[in-house]
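Visitor: quick one, what's the 3D model for this:
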Amino acid sequence: GAALCYRTICAEAKAYMGEHMHPEISMHTHPLGLYTPHFPTGNWRAVADLMLSSTRLVAACGADFAISPDNTIHEAFDIVAAESPIPWLHIAEAVARYAATSDMVCLGILGTRFLMTGPVYPGMLEKHGIDYKIPNEEQRSRINEIIFSQLVYNDIREQSRLYFNEVIQDLKNQGCDGVVLGCTEIPLLIDPADCPLPTFDSTRLLARVALQHSLAD
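Guide: Purely as a prediction, here's the structure:
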């Protein structure tokens, strides 16, 4: 998923900056295994410390601002933003703003079970006057299992894609007019062409906002 974010910036920069050009990018990634133990316990302070560790490293390389395509860790965003040596862009803000310009009324939220039941997207969507729904408990459990046992390893299965589409159809039946792909890896699985709802790809939307932000500076 992080590679998809990086690739999007590099590929789409050509239209703005010319052949073979893109903003300078420095990347640092702690192993996911250092983050995941803190999700079930809600230890967002520990998550923030990992994010800040990465931030200081890229700031030392000369980065002007920071992003992370990992949606779940944004629950620690406020801590990080308050202590970071450089500004951060918020992934859910990127999605919410784009959804608002697309006249969305109600979005379904897909992601890890911590993301789906957490505050990261509800607060941002509500700021833009957009309602939201999440899958039921059984669906959340299965989605979480697919993310952590398959997608993070780039294990893309047709059966899983069809399951996600079934969940998205359920959200559509409940009144959603779009769906947030609120996990870095979900865009690797979902094909917008056969998805029951318009998709809001958080990974690519964040990459595009970061590209525009770098060009604005």
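
Visitor: what's the neighbour count on His20?
Guide: Neighbour count for His20, taken as other CB atoms under 10 Å: 8. Quick note: C-beta positions are derived from backbone N, CA and C, even for glycine.

Visitor: got a list of what it touches?
Guide: The neighbourhood of His20, defined by CB atoms under 8 Å, 6 or more residues apart in numbering, consists of Lys14.

Visitor: now it: which helix or strand?
Guide: With elements taken from DSSP states H and E, nothing contains His20; it lies in neither a helix nor a strand.

Visitor: now it: how far from Cys61?
Guide: Using CB to CB, to the nearest Å, His20 is found at 21 Å from Cys61.

Visitor: helices of this structure, residue ranges please.
Guide: Counting by DSSP state H, the chain forms helices over residues 2-12, 14-17, 32-35, 38-41, 44-60, 77-83, 91-101, 113-117, 120-127, 137-149, 158-173, 186-189, 202-216, given from the N-terminal end onward.

Visitor: between those helices, which gets nearest to Ile67?
Guide: Relative to Ile67, the nearest member of the helices of the chain by CB to CB is helix 202-216, separated by 5.0 Å.

Visitor: would you turn the helices of the chain into CSV with distance to Ala66 and mean neighbour count?
Guide: Formatted as CSV, the entries for the helices of the chain read as follows, by distance: least, CB to CB, whole Å; neighbours: other CB atoms under 10 Å:
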stretch, distance to Ala66, mean neighbour count
helix 2-12, 12, 17
helix 14-17, 20, 12
helix 32-35, 16, 12
helix 38-41, 19, 14
helix 44-60, 5, 17
helix 77-83, 8, 15
helix 91-101, 12, 21
helix 113-117, 19, 22
helix 120-127, 17, 18
helix 137-149, 23, 16
helix 158-173, 29, 16
helix 186-189, 21, 22
helix 202-216, 9, 20
